[in-house]
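Student: got a sequence here, can you build the structure:
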Amino acid sequence: MIAAELIDPMLPALKPTDTVGDALEWMQEHRISQMVLTDQSEYKGLLSEDLLLDVADEDRPVGDVMRLFEQTFAFENQHSLELLGLVLEHRLDVLAVINDNREFVGTVSVNELLKNFARELGVSEPGAILILSIDERDYSLTEISRLVESNNVKIIGSQFSSAAYGIPDRSRLTLKLNRREIGPVVSTLERFGYTVESAFANAPIESIDQERLDLLMRYINI
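Tutor: Have a look, this model is predicted:
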């Protein structure tokens, strides 16, 4: 999804003439710790709950309060992965979205952004999770998908994490599957030389190698 599709129409933006008391009340109502400040459709930055709580006069206009992240925002057509990078880098609770004319068009809630990722990755769907330890030069999602699907199982979400630079560690591929019974999948992947580092499922896992089975079960029971 792109930023424009993730805008929460229920989240208001503050105007410079709004009061500190109003801002704090809206933050409490929407369960957020930051709000966007705009001035005639121009994005002016974020106001934080912590800074507002330090203001003695609740009737003081928020336009007089220090604002943050004036240069941190997303454009309407930016992908949700880019938005996630921004909120993680700056530890944001909300993210302003602007158009090509740099006019404010809406606010994305980090909670909704994370919920969107959960849906896209199939987190809420029933099924097992496999984590493979893999050398980057051997990584081929097409090949791994073929092996998984040969057992009538689908991959509904995946995430690849590269090994840290300079650290003798293998990369990891996390797979969310649409089945809980993944014994045949584990066996197939092992037979083709893939290392299943850990597995999470609600059904027993059988492996062609009893020692590997015991190891997998220990991971599952952690």
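Student: could you find the closest non-adjacent residue to residue 132?
Tutor: residue 173 (4.5 Å; CB to CB, 6 or more residues apart in numbering). Placement of C-beta: from N, CA and C, glycine included.
Student: same thing with residue 14?
Tutor: Nearest residue to residue 14, sequence neighbours excluded (CB to CB, 6+ apart): residue 37, at 4.8 Å.
Student: so that neighbour makes contact with residue 13?
Tutor: Yes: the pair residue 37 and residue 13 passes the contact test of CB atoms under 8 Å, sitting 7.1 Å apart.
Student: higher neighbour count, those two?
Tutor: Neighbours of residue 37 and residue 13, each counted by other CB atoms under 10 Å, are more numerous for residue 37; the result is 25 against 20.
Student: quick one: what helix or strand has the more buried one in it?
Tutor: strand 34-39 (DSSP states H and E).
Student: residues of the helix or strand that comes right after that strand that come out buried?
Tutor: Using DSSP H and E, the helix or strand that follows strand 34-39 in sequence is strand 42-48. Within strand 42-48, the residues that qualify as buried are 43-48, counting by 16 or more other CB atoms under 10 Å.
Student: likewise for stretch 59-66?
Tutor: Those would be 61-62, 65, for stretch 59-66 by 16+ other CB under 10 Å.
Student: CA-only coordinates of that stretch in CSV, if you can.
Tutor: C-alpha atoms of stretch 59-66 as CSV (Å, rounded to 0.1, in the frame of the first residue of the first chain):
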residue,chain,number,x,y,z
ASP,A,59,-4.8,28.2,26.9
ARG,A,60,-1.5,29.0,25.2
PRO,A,61,-1.7,28.5,21.4
VAL,A,62,0.2,25.5,20.1
GLY,A,63,1.8,27.7,17.5
ASP,A,64,4.0,29.1,20.2
VAL,A,65,5.2,25.7,21.4
MET,A,66,8.4,24.0,20.1
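Student: I'd like the numbering to begin with 641 instead of 1 from here.
Tutor: Got it, first residue is 641 now, which makes that one stretch 699-706.
Student: dump the buried residues of stretch 699-706 into CSV; add distance to residue 736 as well.
Tutor: Below are those laid out as CSV (distance: CB to CB, whole Å):
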residue, distance to residue 736
701, 20
702, 15
705, 17
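Student: residue 647: which of those residues is nearest?
Tutor: Using CB to CB, residue 702 comes nearest to residue 647 of these, at 21.3 Å.
Student: how many residues are close by the residue lying closest to residue 690 once chain neighbours are set aside?
Tutor: Spatial nearest neighbour of residue 690, chain neighbours left out: residue 673 (7.4 Å); criterion: CB to CB, 6+ apart. Number of residues near residue 673 (other CB under 10 Å) recorded here: 16.
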